[in-house]
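>>> Have a look at this prediction, sequence included:
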Amino acid sequence: MYNDILTIGPITIHSYGVLIVIGIFAALFIGEARAKKRGLDPDEIFNLTICCALMGFVGAKLMFCIVEWREFVKDPLSLLRSNGFVVYGGIILGVLAGYLWSRLRKLVFLDYFDIVLPSVAVTQGFGRLGCFMAGCCYGRETDSVFGVVFHNSDYAPNGVRLIPTQLISAAGMFAIAGLLFWYARKPRKQGTVGFLYLILYSVGRFCVEFLRNDYRGEIGMLSTSQFISIFIFVLGVTGFIWMFVRADRGEHSDESAS
């Protein structure tokens, strides 16, 4: 695929970056529309999205540096300037940033958590399309007719038929987004939409990792992302169940009053 769309002097516009931007704008549009329907402040959705996107970018880079710590020790600046990111770092720091922003603005975090996370899935879907255009996050070799062959990638091996893990991941993220929008079409227990995202994403990511063939770090027999997926899944299930237990006890979030 082709990652370079346009070059103007020293500036090159990459399809990966363009698709990420499209994904962020899509998340903003969808999030603000859903916030209005639920009586939440759409301006805060804009603020949260920008805050979470910026901190998510930082988190994804930091996690990449942690995974590639040996290379980071050798040449920190080279790794920081590279195109390497780990999505889980972005999710973790992005959610944390959203929580802290909500506390600062005296918002009920779980209400916005439920609004923003489905939109994050949309952004990730566009991001994976960007991965496909760049050739990163590539899959294992295959003889299947559904395999793809890269010819101009700086990341994937060129001239070899590979499993299109990027397209599988993109389809999965759009499917998760659709499922979350469907689930949230009726009033649900506070926080359950956001925690359902964590459950679905962790399961999908764990499975897709078996098909990938790029180096992503490893912990025992698992890739770094698979290892993290286990904890995210447990967090998602625990949080999802706790929202029902808390609701049955008549407890409500009081973050807006703190």
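Thanks, I have the structure now.
>>> If we ignore the residues flanking it in sequence, what's nearest Lys61?
For Lys61, ignoring the flanking residues on the chain, the nearest one in space by Cβ to Cβ, 6 or more residues apart in numbering is Phe85 at 5.9 Å. All C-beta spots, glycine's among them, are computed from the backbone N, C-alpha and C.
>>> just Asp214 next, same as before
Spatially, and ignoring its direct neighbours in sequence, Asp214 is nearest to Tyr138 (5.5 Å; Cβ to Cβ, 6+ apart).
>>> Any buried residues in stretch 134-148, and which?
By neighbour count with 16 or more other Cβ atoms under 10 Å, stretch 134-148 contains the buried residues Ala134, Gly135, Cys136, Cys137, Tyr138, Gly139, Thr142, Val148.
>>> where in this structure is pLDDT low?
Residues of the chain meeting the criterion pLDDT under 70: 1-12, 79, 81-83, 250-258.
>>> show me where it has helices.
For the chain, applying DSSP state H gives helices covering 15-37, 42-67, 69-74, 76-81, 87-105, 109-134, 165-183, 192-208, 224-248.
>>> Please identify the most buried of these.
helix 109-134 (a mean of 25; mean count of other Cβ atoms under 10 Å).
>>> thinking again about what came up before, and the buried residues of stretch 134-148 as TSV, adding distance to Pro76?
Formatted as TSV, the buried residues of stretch 134-148 follow (distance: Cβ to Cβ, whole Å):
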residue	distance to Pro76
Ala134	23
Gly135	26
Cys136	21
Cys137	23
Tyr138	26
Gly139	30
Thr142	36
Val148	34
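>>> Among those residues, which one lies nearest to Arg246?
Nearest to Arg246, judged by Cβ to Cβ, of these is Cys137 at 37.2 Å.
>>> could you list every residue that touches the closest one?
Arg128, Cys131, Thr165, Gln166, Ser169, Arg212, Asp214 (Cβ atoms under 8 Å, 6 or more residues apart in numbering).
>>> and if you look at Ile219?
Going by Cβ under 8 Å, 6+ apart, Ile219 touches Phe227.
>>> circling back: distance to Ser15 for the contacts of Cys137 - can I get that in JSON lines?
Converted to JSON lines, the contacts of Cys137 look like this (distance: Cβ to Cβ, whole Å):
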{"residue": "Arg128", "distance to Ser15": "12"}
{"residue": "Cys131", "distance to Ser15": "10"}
{"residue": "Thr165", "distance to Ser15": "17"}
{"residue": "Gln166", "distance to Ser15": "12"}
{"residue": "Ser169", "distance to Ser15": "16"}
{"residue": "Arg212", "distance to Ser15": "20"}
{"residue": "Asp214", "distance to Ser15": "18"}
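>>> Which one of the residues you listed is nearest to Ile30?
Nearest to Ile30 among the contacts of Cys137, counting by Cβ to Cβ, is Arg128 at 17.3 Å.
>>> Could you check how far the nearest residue to the closest one once chain neighbours are set aside is from Gly98?
Excluding the flanking residues, the one nearest Arg128 by Cβ to Cβ, 6+ apart is Ala170, at 3.8 Å. In this view, Ala170 and Gly98 are 24 Å apart by Cβ to Cβ, to the nearest Å.
>>> Tell me which residue lies nearest the centroid of this protein.
Gln124 (4.8 Å; Cα atoms, centre = their mean).
>>> about what we covered before: for the residue nearest to Asp214, give me phi and psi.
When read as degrees, to the nearest 10, the backbone of Tyr138 gives phi -80, psi 160.
>>> what does Asp214 give?
With angles defined as degrees, to the nearest 10, Asp214 sits at phi -90, psi 160.
>>> so which of the helices of the chain gets nearest Asp154?
Of all the helices of the chain, helix 109-134 comes closest under Cβ to Cβ, at 7.5 Å.
>>> That closest one vs helix 42-67, what angle?
60 degrees (axes from the mean of the first three to the mean of the last three Cα atoms, to 10 degrees).
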